[in-house]
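Chemist: model the following, please.
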Amino acid sequence: MTDPMLGLTMLMLIVVVIVMGFPTAFTLMGLGIVFGFMAFYDPNQFWWDNRVFELMVQRTYGAMTNDVLIAIPLFVLMGYVMERSALVDKMFFSIQLAFRRVPASLAVASLIVCAFMGLASGLVGAVVVLMGVIAMNPMLRAGYDVRLASGVITAGGTLGILIPPSVMIIVYAAVAGQSVVKLYAATILPGLFLAFLYVAYVVSWAMIQPKIAPRPPEEHTRVPVPDWLRRFQATYSSNIFFGLLRALVSPARAMQIDIDGKSDKRSARYKYLLLIKNLGIALIPFVLIAGTLLLAWWYVIIHQQAAAVGPVEGLQQLGAPAAGPQGADDRGPPENFYLWYSLAAFFGVIMIVRYYWNLDSDRFEILKLLTVSVLPLGILIVTVLGAILFGLATATESAGLGAGGAFVLAYVARTLNWKRTKEAVFLTAKTTAMVCWLFVGSALFSGVFAILGGQALLEQWVLSLNLTPLQFMILSQVVIFLLGWPLEWTEIIIIFVPIFLPMLPHFGIDPILWGVLVFINLQAAFLSPPVAMSAYYLKGVAPPHITLNQIFSGMMPYMFIVVLCMVLLYLWPGLALWLPAFLYGG
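Modeler: Numbering: from 1, shown residues only. Next up, the predicted model:
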């Protein structure tokens, strides 16, 4: 048997052995050593002098010194700490109230919470299990179809592998030699777009067939408005925002309102500070929209123009090539920026005016609930991802910031204790060890596979087909989609993705765009039987009468949505490539 045929035999054996249930990492190392020993065999030397052992040491050292992998344990720790901080219960309740008028509000709230947890953790199994515990029973009690309830949890839970800070993105960056920062920027919009497609499908289904998601009774959607807020509304104005402004100017009547029936124990100073606090909460929507618009203006108009200004005339930076100064005019804002910015500002003003005009006690209480449950996690997510995307910190440094912030949120929520901390650290160590051993095994396996000529043989075969870039894109994604049935994403990214990567330059395909398509494609790996890990995660916490077949039936429509998202992304690659190109050029 020739060396290339040995390589192909090695590749086929790895699939068979993994499907049989052997540990992936040690299977990779075992096959790498056996076939590497055969490739380097020399009858004139002792067996312990075989070069495969030297290759094993070199590949292991290379994998362990990969700086990109340092971010994995920190992001995983952040996710496990957030999972145990009990913020998800409050978040689900407040978001469900905010969307109580939308068809299938519980399902929509589940998808939104899954997207938030994906942004916060990048985990899949933990999010599916957590949402199965929190959201499954409320949806079933409300009369939701089992397929709808199971589908939104399993599909929403898989968003964690696509939306940053996904561990899969870090693994792909290490395998493909790409920038983690650019991959994070490239996956944000497609991930949110896929979540939007999920929500649109659920709402459309519920509007066409209302019986699959009955509207819950009024008592189940009633906002828990405190009595003092009702009395405040009756005293000043039906509009809470205008009432708070009037109360700050003339607080006499507000001082007479009982708070929890303890007016005699509450000082006038305390009540006035309470008015200021509630006004601050009421201003949060305005601050968020105005702050976003100001930040966009600062980054595009001020920051980038300042960065485009060259050195002062007459001075030369040490070691810089001789060149004239580059003015800000040479790098103006993007085309049509002022038009789109004006439209965004106009719609922002309309939203703010409409919101404050209709701010009654129910809306204000929902705002307070969202402020307590969603805002802290939102600030942490924006801080971590913003530090990465705007170059303020590396992915590893931002991961450390996120892990520290997760501990702070858990401490503030009074859910941080020794038991939960120990569980989070143990699960983080377990996950990190798995990824590191996979990298060691895959590095040895890929090295031996290339030495045997298997990689070159596959490249020659694919190039001999004279495929167009579109045909190669379809072929590679179909292969990965089919591999997602028997294998998990770790095996696909580490073993099979490196086979396609060297062929991308020949077809002129951007490895970042191809990687984003792979990430979306691997959503199907968690949603496609017979492996469909999301189904088994959910089955473990679902009521006993829920069968795997019902869960599989609920997941299948989302596989078609994933395929639709891939087609739209290929037709409109700017959805993935615009943000990294805008932030980092190229």
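
Chemist: rest of the way, CA atoms for contacts and neighbours
Modeler: OK.

Chemist: tell me how many other residues surround Phe582.
Modeler: 12 (other Cα atoms under 10 Å).

Chemist: so it, which state does it fall into?
Modeler: The three-state assignment at Phe582 reads helix, by DSSP: H, G, I helix; E, B strand; the rest coil.

Chemist: setting aside sequence neighbours, what's the nearest residue to Gly118?
Modeler: Gly160 (3.8 Å; Cα to Cα, 6 or more residues apart in numbering).

Chemist: surely the one you found is in contact with Leu119?
Modeler: Yes: in this structure Gly160 lies within contact range of Leu119 using Cα atoms under 8 Å: 6.8 Å.

Chemist: low-confidence ranges, the stretch 201-350 of the chain, go.
Modeler: The stretch 201-350 of the chain contains residues with pLDDT under 70 at 260-268, 305-332.

Chemist: for it, what spans make up the helices?
Modeler: Along the stretch 201-350 of the chain, the stretches classed as helices by DSSP state H, counting those that start in this stretch are 227-235, 240-249, 252-255, 268-282, 284-297, 304-308, 337-357.

Chemist: in the fifth one, which residues are buried?
Modeler: Residues of helix 284-297 classed as buried under the neighbour-count rule (16 or more other Cα atoms under 10 Å) are 286, 289-290, 293, 297.

Chemist: gap between it and the chain center?
Modeler: 23 Å (Cα atoms, centre = their mean, to the nearest Å).

Chemist: same thing with the third one?
Modeler: The gap between where helix 252-255 is centred and where its chain is centred comes out at 47 Å by Cα atoms, centre = their mean.

Chemist: circling back: same list (the helices of the stretch 201-350 of the chain) but as TSV, adding distance to Tyr411.
Modeler: As requested, the helices of the stretch 201-350 of the chain are exported to TSV (distance: least, Cα to Cα, whole Å):
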stretch	distance to Tyr411
helix 227-235	29
helix 240-249	32
helix 252-255	34
helix 268-282	22
helix 284-297	23
helix 304-308	38
helix 337-357	33
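
Chemist: closest one to Pro23 among those?
Modeler: helix 284-297 (47.2 Å; Cα to Cα).

Chemist: helices and strands of the protein: which one has the lowest mean pLDDT?
Modeler: Ranked by mean pLDDT, DSSP states H and E, the weakest helix or strand in the chain is helix 304-308, scoring a mean of 63.

Chemist: quick revisit: distance of the residue nearest to Gly118 from Leu111?
Modeler: Look at Gly160 and Leu111: by Cα to Cα, to the nearest Å, they are 11 Å apart.

Chemist: ok, those two, which is more surrounded?
Modeler: Neighbours were counted for Gly160 and for Leu111 using other Cα under 10 Å; Gly160 has more, 30 against 27.

Chemist: mind listing what the more buried one touches?
Modeler: 114-115, 117-119, 121-124, 127, 166 (Cα atoms under 8 Å, 6 or more residues apart in numbering).

Chemist: surely Val133 touches Lys539?
Modeler: No: contact criterion Cα under 8 Å: Val133 and Lys539 do not qualify, at 10.7 Å.

Chemist: show me the helices in the stretch 51-200 of the chain, by range?
Modeler: 51-64, 71-83, 87-98, 105-121, 125-141, 146-157, 167-176, 180-208.

Chemist: which elements pack onto the shortest one?
Modeler: Using 3 or more Cα pairs under 8 Å, 6 or more residues apart in numbering; DSSP states H and E as the contact criterion, the neighbours of helix 167-176 among helices and strands are helix 71-83, helix 180-208, helix 511-521.

Chemist: quick one: buried ones out of the contacts of Gly160?
Modeler: Listed as buried from the contacts of Gly160 are 114-115, 117-119, 121-124, 127, 166; burial here means 16+ other Cα under 10 Å.

Chemist: SS state for the nearest residue to Glu488 once chain neighbours are set aside?
Modeler: The shortest distance from Glu488 to any non-neighbouring residue, by Cα to Cα, 6+ apart, is to Ala525 (6.5 Å). The three-state label given to Ala525 by three-state DSSP is helix.

Chemist: which parts of stretch 429-449 are buried?
Modeler: For stretch 429-449, by 16+ other Cα under 10 Å, it's 432, 435-449.

Chemist: sketch out the low-pLDDT regions of this structure for me.
Modeler: 1-3, 47-48, 122, 260-268, 305-332, 530-531, 586.

Chemist: from Phe390, how far out is the most centrally placed residue in it?
Modeler: The residue lying closest to the centre of the chain (Cα atoms, centre = their mean) is Ile163, at 2.2 Å. Taking Cα to Cα as the measure, Ile163 falls 17 Å from Phe390.

Chemist: before we move on, what about Gln550?
Modeler: Counting by Cα to Cα, the gap from Gln550 to Phe390 is 44 Å.

Chemist: looking at these two, which is more packed in?
Modeler: The neighbour comparison of Gln550 against Phe390 (other Cα under 10 Å) goes to Gln550, with 17 against 14.

Chemist: name the nearest residue to that one, sequence neighbours excluded.
Modeler: Leaving aside its sequence neighbours, Gln550 sits nearest to Arg147 (Cα to Cα, 6+ apart; 6.0 Å).

Chemist: the one you found against Asn549, yeah?
Modeler: No: with contacts counted by Cα under 8 Å, Arg147 stays clear of Asn549, the gap being 9.5 Å.

Chemist: so between those two, which is more surrounded?
Modeler: Neighbours per residue (other Cα under 10 Å) separate Arg147 from Asn549, with Arg147 holding more: 19 against 12.

Chemist: how about that one, what does it touch?
Modeler: Contacts of Arg147 (Cα under 8 Å, 6+ apart): 550-551, 553-555.

Chemist: and the gap between Asn278 and Gln256?
Modeler: Taken as Cα to Cα, the span from Asn278 to Gln256 is 17 Å.

Chemist: of these two, who's got more company?
Modeler: The neighbour comparison of Asn278 against Gln256 (other Cα under 10 Å) goes to Asn278, with 16 against 13.

Chemist: not counting sequence-adjacent ones, nearest residue to the more buried one?
Modeler: Leu244 (7.8 Å).

Chemist: domain parsing of the chain, as residue ranges.
Modeler: Per automatic domain parsing, the domain ranges recorded for the chain read 69-220+375-429, 239-279, 283-306+331-359.

Chemist: returning to what we had before: surely the residue nearest to the centre of the chain touches Phe193?
Modeler: No: look at Ile163 against Phe193 with Cα under 8 Å: they stay out of range, at 10.4 Å.
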